[in-house]
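Visitor: Pasted the sequence and its predicted model underneath.
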Amino acid sequence: MVVSGAHDRDRAPGGPPAGEGHRGPSIAVALGSGGARGLSHILVLEALDELGLRPTAMAGASIGAFFAAAYASGIPAREIRHVVTATLRNKGEVMRRLLAARVGRIADLFGGLGNPVLIDAERFIEGFMPDLVPEDFDQLAIPLQVVATDYWGRCERMFEHGPIRPAVAASLAIPGLMRPVVHAGHTLVDGGAVNPLPFDVLRTRAQVVVAVDITGGHGAETKGVPSPFDAMFATLQIMASSIVGEKLKAGAPDILIRPNVHDFRVLEFFRATAILKASEPVKDEVKRRLEAVLG
């Protein structure tokens, strides 16, 4: 996923230059895990741009880390939408990039040695992360925290300094689909396994914390036996939703946004147009709720 063009790091994404515009309370934004449902994050970011608001900090898990990294780089949300939709319309090119990132072999399936569709998360990021995302966290226009899961440590690992791409790759490394990432001395997997909506890390970073939850719901299907593949990913979402539910009991963010994307499966990225259309009403909700809080 390649983005080219001018890039002004002193300018808020799609909004006024840094230090100008809104003078109200500061805001921080957390984007959660949820696979293809995460395309709805783009609509939330578009609402911020249209209000002329620039977050003072961001945090993300899994697909949320991907879009948070792009936005924190200074890429306007509308441009992110354009690149994503243009990329996903070209299914052949997407499959070419996925095959280039594949580490599993068909022979492994018959030998019982592994997953023939296993993806190298770091190669995946190299193939799809916008070129305008800098190499290092400290070069971002907006401070960013990316959550991953330490496989052997059985705990959360948060990254906010050093190289961005391996941290985002680790946060995206869904077990069974992507190979774990070895980074900063740790073996890491999907951040959604421990903190699928990392709004808690932003509490001291801004006066108003906005969190976008895409973990819940199962659409219209409520009966029958799911396929093994669907069951694996849906179970991960159930676990993530349970974690978010417990976190909310301990203390909710100032604004919790839940886009209407429960009808979409984790890997339905080629339904991008439908996901974005279903998410469109969230823009007005974000604007309304932010305007009520910020005055």
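Guide: Received, thanks.

Visitor: Distance from the chain centre to stretch 207-219, please.
Guide: 12 Å (CA atoms, centre = their mean, to the nearest Å).

Visitor: I'd guessed Leu132 sits against Ile75; true?
Guide: Yes - in terms of CB atoms under 8 Å, Leu132 counts as a neighbour of Ile75; the distance is 5.6 Å. Using the backbone N, CA and C atoms, a C-beta is placed for each residue, glycine as well.

Visitor: ok, the two, which is more surrounded?
Guide: For Leu132 versus Ile75, neighbours defined as other CB atoms under 10 Å are more numerous around Ile75 (23 against 18).

Visitor: does the more buried one belong to a helix or a strand, and which?
Guide: Assigned by DSSP states H and E, Ile75 falls within no helix or strand.

Visitor: Nearest residue to the spatially most central residue of the chain in space, please, no chain neighbours.
Guide: Note on the chain: the residue nearest the mean C-alpha position is Gly64, at 1.4 Å, using CA atoms, centre = their mean. In this structure, Gly64 finds its nearest non-sequential neighbour in Leu31, 3.1 Å apart by CB to CB, 6 or more residues apart in numbering.

Visitor: Tell me the confidence at that neighbour?
Guide: Leu31 is assigned a predicted lDDT (pLDDT) of 98.

Visitor: bridging residues for it?
Guide: Gly60, Val212 (DSSP bridges).

Visitor: mind listing what the residue nearest to the centre of the chain touches?
Guide: Contact partners of Gly64, counting by CB atoms under 8 Å, 6 or more residues apart in numbering, are Ala30, Leu31, Gly32, Ser33, Gly34, Gly38, His41, Leu197, Val212, Ile214.

Visitor: would you list these in a markdown table and tack on neighbour count and distance to Glu79?
Guide: Output for these, formatted as a markdown table (neighbours: other CB atoms under 10 Å; distance: CB to CB, whole Å):
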| residue | neighbour count | distance to Glu79 |
| --- | --- | --- |
| Ala30 | 29 | 22 |
| Leu31 | 33 | 17 |
| Gly32 | 30 | 22 |
| Ser33 | 33 | 23 |
| Gly34 | 31 | 22 |
| Gly38 | 26 | 17 |
| His41 | 29 | 14 |
| Leu197 | 29 | 25 |
| Val212 | 30 | 19 |
| Ile214 | 34 | 21 |
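
Visitor: any idea which of the residues you listed is closest to Ala272?
Guide: Ranked by distance to Ala272 (CB to CB), those are led by Gly38 at 10.8 Å.

Visitor: For the residue nearest to Arg102 when sequence neighbours are not counted, the count of nearby residues, please.
Guide: Distances taken as CB to CB, 6+ apart put Ile119 closest to Arg102, at 5.9 Å, once the chain neighbours are dropped. Residues near Ile119, counting by other CB under 10 Å, number 22.

Visitor: same question, Arg96
Guide: When neighbours are counted by other CB under 10 Å, Arg96 registers 12.

Visitor: What of Val208?
Guide: The local packing of Val208 (other CB under 10 Å) involves 21 other residues.

Visitor: Over to the one 3 residues further on?
Guide: Other residues within reach of Ala211, judged by other CB under 10 Å, total 27.

Visitor: How about the contacts made by Arg179?
Guide: Applying CB under 8 Å, 6+ apart, the residues contacting Arg179 are Val103, Leu118, Ile119, Asp120, Ala121, Ala173.
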